[in-house]
Every structure is written in C-alpha cells, then in structure tokens.
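Asks: Okay, predicted coordinates and the sequence, questions at the end:
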Amino acid sequence: MIVVTTSDWSAVEGQLQRYERATTHEKWRPVGEPISIVVGKNGLGWGIGIIATDDAHVRSAADPVKTEGDGKSPAGVFALGTAFGYASEPLRGLKMPYLNLNASIECIDDPGSKHYNRIVDRSVVASDWNSSEHMRNAGESYRWGVVVDHNGAVAGDTKPPQPGGGSCVFLHVWHSRDHGTAGCTAMPQRVLETVLTWLDPTRKPLLVQLPEPTYERLINRWVLPKLINVSRH
C-alpha cells in the first residue's frame with residue numbers, strides 16, 4: 001500500500017509512505033522513509049476508486065469532490081495500472097506492465113469521447129475527442145510514471161469512467177516541492193523510481209490518498225496502517 005497524506009483538503013505538499021504485509025491478517029509494516037510529494041495545485045477532492053465514498057460516514061457534506069479540470073488530486077483508495085515512460089525499455093527491476101510513450105500516445109480528457117479517461121494510441125484509434133493530453137510532450141514529468149485507476153481509468157474496469165469525474169491521474173515526476181500538479185501526485189524522479197520498482201502487481205498494490213484528519217477518522221473503518229513520522233505543514 002502507498003499512503004499519501006496532506007495536512008488538509010487544500011494543501012499541495014504532503015508525504016508518501018510505503019507499507020507492506022505478507023497476509024491480510026498481519027499488521028502493515030512501513031517500508032523506507034517518508035517521501036515528500038505534491039498533489040494537485042488545488043489540493044484533494046473525493047475521487048472514484050475501489051471503495052465507495054458517498055456514505056455519510058465517509059464523506060462529509062462540506063468535503064470537496066473531484067471533477068474534470070478542477071486541479072485536485074483524487075482522495076480515496078485506488079488500484080494502480082500500467083507504468084509508463086519515455087524509454088523504449090522499462091525501468092530496470094520494474095514488475096508492473098509497461099507502456100512506452102511514443103508520439104501517438106494520448107490520454108483523453110474530453111468527457112464527450114467514448115475513450116474518456118483512457119490512454120490510447122492515436123495511430124490505431126479513430127479520434128472522437130476535442131481534448132487530450134499528448135503524453136510524450138509532458139517534459140520531465142512523464143519520464144516515468146504509473147496510472148492511478150481513478151474513475152475507471154483501466155480498460156476492463158467493472159465501472160466505466162463517469163464523464164466529467166476526472167481523468168488522466170498518475171504518479172509521476174515533480175517539477176518541485178512547491179509546484180502542484182493538474183491532479184496527479186508527483187515526487188522526485190529518483191524516489192519515484194524506487195516506488196515503481198517496489199510495486200508488484202501480484203500483491204495487488206493500492207494507493208490511499210487522504211487529508212490526515214480524514215485518514216485518522218477512517219483508519220479503523222478501512223483497516224489502514226498507522227501513520228508514522230507525519231510531517232506537519
């Protein structure tokens with residue numbers, strides 16, 4: 001499990017901590033040191049993940065909810081999909097599936113497209129969108145990354161993407177510790193490489209992203225690891 005916490009819903013800076021356990025009956029053990037990260041430039045908002053968050057015991061009426069283009073990273077619990085990067089070969093030691101970002105790879109952020117919130121190869125898919133992210137053109141941000149399965153991002157997901165629910169959410173390389181993203185979670189390249197090679201799809205890795213007060217409130221309900229060395233921002 002990757003746990004990302006921020007001080008509150010609007011905070012941009014936060015921390016990431018890895019945890020693992022051998023069986024579901026064991027306690028979570030921290031792996032490595034806490035990592036400084038940034039989330040969306042407008043903080044966090046409830047996203048669409050593997051646990052429903054529309055329950056009144058989970059989501060307060062005043063909590064923000066992620067929508068397309070809001071500059072917020074999704075809060076909740078999410079599976080992780082394909083890793084990606086500019087290199088023709090995957091990062092050495094990578095166990096996740098890998099996608100080489102060639103010039104025709106795009107992530108569709110047009111809610112009106114049938115490919116909304118999907119990564120497609122324009123050279124083999126008929127275009128029906130007016131807006132997309134040309135992933136090869138993202139500078140250093142996408143040198144390495146991994147898809148966060150927010151809002152049915154992974155093809156074959158049991159729930160198709162909800163139009164306007166938010167799209168193209170990744171873990172990727174940051175610009176700096178004070179530069180928020182468009183809705184992803186970002187960190188230094190060297191640290192991201194460590195996280196990516198640690199992920200093992202056979203162990204069903206999850207990403208949990210929450211403000212610290214919400215995390216503490218849900219820690220027993222969702223059987224989450226106890227936070228360690230939390231940085232106060």
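Replies: Alright, I've got the coordinates.

Asks: For the rest of this, base every contact and every neighbour count on C-alpha atoms.
Replies: Noted.

Asks: Hmm, residue 90 and residue 98 touching each other?
Replies: Yes: look at residue 98 against residue 90 with C-alpha atoms under 8 Å: they come within range, at 6.2 Å.

Asks: between these two, what contacts are shared?
Replies: residue 84 (C-alpha atoms under 8 Å, 6 or more residues apart in numbering).

Asks: Can you tell me the closest non-neighbouring residue to residue 38?
Replies: Nearest residue to residue 38 in three dimensions, chain neighbours excluded: residue 13, at 4.6 Å (C-alpha to C-alpha, 6 or more residues apart in numbering).

Asks: Residue 141 now?
Replies: In this structure, residue 141 finds its nearest non-sequential neighbour in residue 173, 4.5 Å apart by C-alpha to C-alpha, 6+ apart.

Asks: Distance-wise, check the one you found relative to residue 223.
Replies: Distance from residue 173 to residue 223, counting by C-alpha to C-alpha, to the nearest Å: 29 Å.

Asks: Of those two, which one has the most company?
Replies: When residue 173 and residue 223 are compared for neighbours, residue 173 comes out ahead with 25 against 10, by other C-alpha atoms under 10 Å.

Asks: need the contact list for the more buried one.
Replies: 140, 141, 142, 143, 144, 145, 186, 187, 188, 189, 192.

Asks: same question, residue 79
Replies: Neighbouring residues of residue 79 by C-alpha under 8 Å, 6+ apart: 49, 50, 148, 149, 150, 204, 205, 206, 207.

Asks: now the third one: how far from residue 201?
Replies: Spelled out, that is residue 148. From residue 148 to residue 201 the distance is 13 Å (C-alpha to C-alpha).

Asks: what's the answer for residue 67, then?
Replies: Distance, residue 67 to residue 201, by C-alpha to C-alpha: 28 Å.

Asks: quick one: secondary structure of the residue of the chain most remote from its centre?
Replies: Most distant from the centre of the chain: residue 126, at 27.3 Å, with distances by C-alpha atoms, centre = their mean. Look at residue 126: counting by DSSP: H, G, I helix; E, B strand; the rest coil, its state is coil.

Asks: Tell me the spacing between it and residue 160.
Replies: Relative to residue 160, and taking C-alpha to C-alpha, residue 126 is found at 19 Å.

Asks: Looking at the contacts of residue 79, which are in strands?
Replies: Counting by DSSP state E, the contacts of residue 79 place 148, 206, 207 in strands.
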